[in-house]
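Q: Sequence first, predicted model second:
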Amino acid sequence: MKRKKSQQEDAPPADLEALLESSAAAWEEGDFDAALATAETACEFSPDSAAAHRCRAAALLELEELDDAVTAVEQSLKLAPDDPEGMLYAAEFFVGFPDGDPELRARGAELARRGAKLA
């Protein structure tokens, strides 16, 4: 017999921070599908959250959804263009991008310089 879930187990996390923590925990456990699903919920919950889009990008990268991962990082930068943490995340993302695209690496290097100046 299936166990019936309690209301608390069915309820989504109550706030953005809880969603981001849940996504990060799933990512660290290697459950990238769950990390992505939770990051996408965070993006829906708070579409203007650069951190939510970065979580989404991290999961997409691990799932080898590279075009979508780039789009998510670009969205995070658009939402917080002067955030040093976001710039440095994007710099690492682009410099270490799996396909070695020279344009992305150059973008990463530029973001690293800008982020370092702001930090």
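A: Done, it's in.
Q: Need the contact partners of the longest helix seen in the chain.
A: When the chain is parsed with DSSP state H, its longest helix is helix 102-118. By Cβ atoms under 8 Å, 6 or more residues apart in numbering, the residues outside helix 102-118 that reach it are 70, 77, 82-88, 90-97. Where you see a C-beta, it was placed from the backbone N, CA and C, and this is true even at glycine.
Q: For the buried ones among those residues, write the corresponding ChimeraX selection.
A: Buried residues among those (16 or more other Cβ atoms under 10 Å), as a ChimeraX selection:
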select :70,77,83,86,87,88,90,91,93,94,95,97
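Q: which ones among the contacts of helix 102-118 are found in helices?
A: Using DSSP H, the subset of the contacts of helix 102-118 located in helices is 70, 77, 84-88, 90-95.
Q: What lies in contact with the strand or helix carrying E74?
A: Assigned by DSSP states H and E, E74 belongs to helix 66-79. If you take Cβ under 8 Å, 6+ apart as the criterion, helix 66-79 is touched by 48-51, 53-54, 56-58, 60-61, 86-87, 89-90, 93-94, 97-99, 104, 111.
Q: Show me which of those residues are buried.
A: 49-51, 53-54, 56-58, 60-61, 86-87, 89-90, 93-94, 97, 104, 111.
Q: Low-confidence ranges, this structure, go.
A: Residue ranges of the chain with pLDDT under 70: 1-14.
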